[in-house]
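Trainee: sequence? don't have it. structure:
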């Protein structure tokens, strides 16, 4: 895989920011989009735009074929058994909320337990807090090891026969930790619980096979994997999805509507109330084509080499604190001694380098790390060692700039 | 590299307030305390005000934040201390105008070091850092009135 030539496929990366060539190191927040994805969105609106599943006319058929074709691409990409198990949502947050609202509220009650971890993104904490509040179930946390990983012994300890739901991120957006979700799912199943995986940082960066993971639900977003914003996926095991009630009611999701009651369409459409995110789904399909052509294994290997190089280079900077385990996904969260991450990010921005600064939607994890905020550099298939070198140079300049303050 | 662009944001006087914050600490239990956080970054600030007869007798701040939010808090407490509440609110309005990049007319109010923050207006992502302490002060004063 040649990141330099891949980079050419992303028009946005070819620009100057504050007088310097842009170095984009914020792909964990959202990835950039290749020309093929932009073109797919453009073509849809230019040639095929129409509502799906209803028109008899030609454009309606084209739009429906492309929309449902995107679903089949997703099915193959994550190796789901059937396209009926692929539900288009607004993103990971909506996917998790759908499970929490529908499955969570009808299957949990007082005395039951929901098990999550302190490293979760807010979108995999708050929906469960709300389920706990409404149902009287108890929210429990698997403790973190000192390096920001979880141990399977702690998992076995925390998940009990009272546990009905286990929800965990595949990859941490702060620590880069890759969680053993397959093993956790097996433990959850032994205790009769179901397992939801927040795959927002997983699917874009590694091959994911939902049947191999044997998780019950898997959620992810298109915009972190070269696709457009506003679309994501909820995968679920068929028997669970069949038994679940829809969360949104209205057009598109109904079978028959009578004056006082109605029936729902079959899967997956019963969960897709309203005119769906047609262009978004088609854009996601194009992103999957793009990633598949390059190969997820190649992308994972590229990121793994790059993050290893970045760790080595960043450690040459005096007074840098790096958070998270040694074996990690393609991102590094850090703080420069005594420089607030906002100030770090501002100096880097002046150098044309985009990093994230803040709490990364993980306030409980910030508390665990005992910091209010951190800076984060995250990598994707278009990043190169030169980008890392620019980051290191930028951080040295940050230190120089703030150096005389302390 | 030239730091010219950054220097419009991080002026010497800002760095001085960051390094040597004025009025950092708390007041006694009788004082008014306002907590405010910047939800986008998790920074937190606590402003303590002692208001008597329509006058800010004392003002202090505590909290964690970046150079811009902390230096702004330091300058804010310095500027409003000893001033009528009415003037403190006027200064707050002037400050938000300044953050919008507008020319301001202090009309005799003593802004002191605050004008050093003028450059923040050119860094839209940082305006919320600079206004945090002022927003907290306003909230407290309005609550008191």
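Mentor: Cool, the structure landed. Predicted model only: the values in this text are computed from it and were never measured.
Trainee: Other residues contacting the top helix by length along chain B?
Mentor: Across chain B, the helix with the greatest residue count (assigned by DSSP state H) is helix B:127-144. With contact meaning CB atoms under 8 Å, 6 or more residues apart in numbering or on different chains, helix B:127-144 is reached by A:342, B:32-36, B:38, B:40-41, B:43, B:45-47, B:49, B:51, B:59, B:61, B:65-66, B:68-69, B:72-73, B:76-77, B:80, B:85, B:88-89, B:92, B:95-96, B:99, B:117, B:120-121. From N, CA and C alone the C-beta is placed, and that goes for glycine too.
Trainee: Go through those residues and flag which are in strands.
Mentor: Those of those mapping onto strands are B:32-36, B:38, B:43, B:45-47, B:49, B:51, B:59, B:61, per DSSP state E.
Trainee: how about the residues of the stretch 251-400 of chain A that lie near chain B?
Mentor: Contact residues (CB under 8 Å from any CB of the partner chain) of the stretch 251-400 of chain A with chain B: A:340-343, A:346-347, A:349-351, A:357-359, A:363, A:366, A:372-373, A:397.
Trainee: List the contacts of the residue lying closest to residue A:317 once chain neighbours are set aside.
Mentor: Counting by CB to CB, 6 or more residues apart in numbering or on different chains, residue A:395 is the residue found nearest to residue A:317 once chain neighbours are left out, at 5.6 Å. Going by CB under 8 Å, 6+ apart, residue A:395 touches A:314, A:317, A:320, A:336, A:344, A:348.
Trainee: Local confidence estimate at the first one?
Mentor: Note for residue A:314: predicted pLDDT of 98.
Trainee: ditto for the second one
Mentor: Turning to residue A:317, the model gives it a pLDDT of 95.
Trainee: try the last one
Mentor: At residue A:348, the model reports a pLDDT of 97.
Trainee: so it is in which element?
Mentor: Using DSSP states H and E, residue A:348 sits in helix A:341-350.
Trainee: What distance do you get for the closest residue to residue A:254 other than its chain neighbours to chain B?
Mentor: Distances taken as CB to CB, 6+ apart put residue A:262 closest to residue A:254, at 5.3 Å, once the chain neighbours are dropped. Between residue A:262 and chain B the distance is 40 Å, computed by CB to the nearest CB, to the nearest Å.
Trainee: doesn't residue A:256 make contact with residue A:262?
Mentor: Yes. Between residue A:262 and residue A:256 there is a contact at 6.4 Å, judged by CB atoms under 8 Å.
Trainee: what about the two, which has more around it?
Mentor: Of the pair residue A:262 and residue A:256, residue A:262 is the one with more neighbours under other CB atoms under 10 Å in any protein chain shown, namely 12 against 9.
Trainee: what sits against the more buried one?
Mentor: Residue A:262 neighbours (CB under 8 Å, 6+ apart): A:249, A:254-256.
Trainee: Please flag which of those residues sit within strands.
Mentor: Counting by DSSP E, the part of those found in strands is A:254-256.
Trainee: Present the residues you listed as CSV; the columns should include pLDDT.
Mentor: Listed next are these as CSV, based on pLDDT from 0 to 100:
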residue, pLDDT
A:254, 93
A:255, 93
A:256, 94
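Trainee: Could you single out the nearest of these to chain B?
Mentor: The closest of those to chain B turns out to be residue A:254 (CB to the nearest CB; 38.4 Å).
Trainee: Report the beta-bridge partners for the closest one.
Mentor: residue A:264 (DSSP bridges).
Trainee: Number of residues surrounding it?
Mentor: When neighbours are counted by other CB under 10 Å, residue A:254 registers 16.
Trainee: how about it, what does it touch?
Mentor: Contacts of residue A:254 by CB under 8 Å, 6+ apart are A:262-265.
Trainee: can you name the two of the residues you listed that are farthest apart?
Mentor: Using CB to CB, the two most remote members of the contacts of residue A:254 are A:262 and A:265, lying 10.4 Å apart.
Trainee: Between the two, which contacts overlap?
Mentor: Residues touching both residue A:262 and residue A:265 by CB under 8 Å, 6+ apart: A:254-255.
Trainee: rewinding a little: any chance of the contacts of residue A:254 in TSV with pLDDT as columns?
Mentor: TSV is the format used below for these (pLDDT from 0 to 100):
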residue	pLDDT
A:262	95
A:263	95
A:264	96
A:265	95
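Trainee: Of the residues you listed, just say which sits nearest to residue A:244.
Mentor: Among these, and counting by CB to CB, the member closest to residue A:244 is residue A:264, at 10.3 Å.
Trainee: which sections of chain B are below the confidence cut-off?
Mentor: B:1-4, B:145 (pLDDT under 70).
Trainee: one more time with 50, if that's ok
Mentor: Scanning chain B with the threshold set as pLDDT under 50 gives B:1.
Trainee: near chain A, which residues of it?
Mentor: B:1, B:3, B:5-6, B:9-10, B:15, B:18-19, B:40-44, B:64-68, B:123, B:125-126, B:129.
Trainee: okay, how far is it across stretch A:247-266, tip to tip?
Mentor: Chord length of stretch A:247-266, first to last residue, is 14 Å (CA to CA, to the nearest Å).
Trainee: go on, stretch B:22-38?
Mentor: Span of stretch B:22-38 from end to end, CA to CA: 21 Å.
Trainee: neighbouring contacts of it?
Mentor: So stretch B:22-38 is contacted by B:43-51, B:58-62, B:65, B:69, B:74-75, B:77-78, B:81, B:128-129, B:132-133, B:135-137, B:139-140, B:143-144 (CB under 8 Å, 6+ apart).
Trainee: now do stretch A:203-213
Mentor: A:27, A:31, A:77-81, A:170-171, A:178, A:181-182, A:185, A:197, A:199, A:202, A:218, A:220, A:224-226, A:235, A:291, A:296-297, A:299-300, A:303, A:329-330, A:380.
Trainee: Mind checking which of these are buried?
Mentor: When those are checked for burial by 16 or more other CB atoms under 10 Å in any protein chain shown, the buried set is A:27, A:31, A:77-78, A:80, A:170-171, A:178, A:181, A:185, A:197, A:199, A:202, A:218, A:220, A:224-226, A:235, A:291, A:296, A:299-300, A:303, A:329-330, A:380.
Trainee: need the contacts of residue A:395 in a markdown table with neighbour count and distance to residue A:159, can you?
Mentor: Converted to a markdown table, the contacts of residue A:395 look like this (neighbours: other CB atoms under 10 Å in any protein chain shown; distance: CB to CB, whole Å):
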| residue | neighbour count | distance to residue A:159 |
| --- | --- | --- |
| A:314 | 17 | 36 |
| A:317 | 17 | 40 |
| A:320 | 18 | 36 |
| A:336 | 21 | 39 |
| A:344 | 25 | 39 |
| A:348 | 25 | 41 |
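Trainee: Which members of the contacts of residue A:254 are classed as buried?
Mentor: Neighbour-count burial (16+ other CB under 10 Å) is assigned, among these, to A:264-265.
Trainee: of the contacts of residue A:254, closest to residue A:118?
Mentor: Nearest to residue A:118 among the contacts of residue A:254, counting by CB to CB, is residue A:264 at 37.0 Å.
Trainee: Could you pull out the strands in the stretch 51-200 of chain A for me?
Mentor: Here the stretch 51-200 of chain A has its strands, by DSSP state E, counting those that start in this stretch, at A:86-89, A:113-116, A:138-141, A:163-169, A:194-198.
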